[in-house]
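Undergrad: Need a 3D model of the following:
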Amino acid sequence: MRTYWQVEEFHASVQEEHRFMPERTVCLTFFSGDSWQGTLERMPGATLTGMHLTPQRLVSVGLTRAMGVELYPWGARQLFSWAMGVQTLDLAPVSGPVSRAIPALSWT
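TA: Next up, the predicted model:
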């Protein structure tokens, strides 16, 4: 694991746009609230994001909560047996209980 982080923010009636620059890590992220990506497709509750080659766009509106763990590629491969790429995997089908539990977490 390289690092971990959490975000809790509220944007009343305006959208907050975020840009994530390319990094050499794989990010395991859990979202709760109104988070959108790219062409404004709703973010799944849990994702495993491969190394990206271009800046990634994320838009948040209202209450947004996220927790992320940035993994070194070799660590992600050992944990998830995943051939690394640039795609994003929706983990909700395999981690449904975990992704549903994220909104219930205390963020204080």
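Undergrad: Could you tell me which strands the longest strand seen in the chain is paired with, and in which direction each runs?
TA: The longest strand of the chain (DSSP state E) is strand 3-20. Here strand 3-20 has these sheet partners by DSSP bridges: strand 56-71 (antiparallel).
Undergrad: ok, Ser26 to Trp74 distance?
TA: Actually, residue 26 is Val rather than Ser. Distance of Val26 to Trp74, given as CB to CB, to the nearest Å: 10 Å. Glycine gets a C-beta too; all of them are placed from N, C-alpha and C.
Undergrad: more crowded one of those two?
TA: The neighbour count for Val26 versus Trp74, taken as other CB atoms under 10 Å, is higher for Val26 (25 against 10).
Undergrad: In three-state terms, label the nearest residue to that one once chain neighbours are set aside for me.
TA: Counting by CB to CB, 6 or more residues apart in numbering, Val26 lies nearest to Ala76, which is 3.9 Å off, once chain neighbours are set aside. Using DSSP: H, G, I helix; E, B strand; the rest coil, the three-state assignment for Ala76 comes out as helix.
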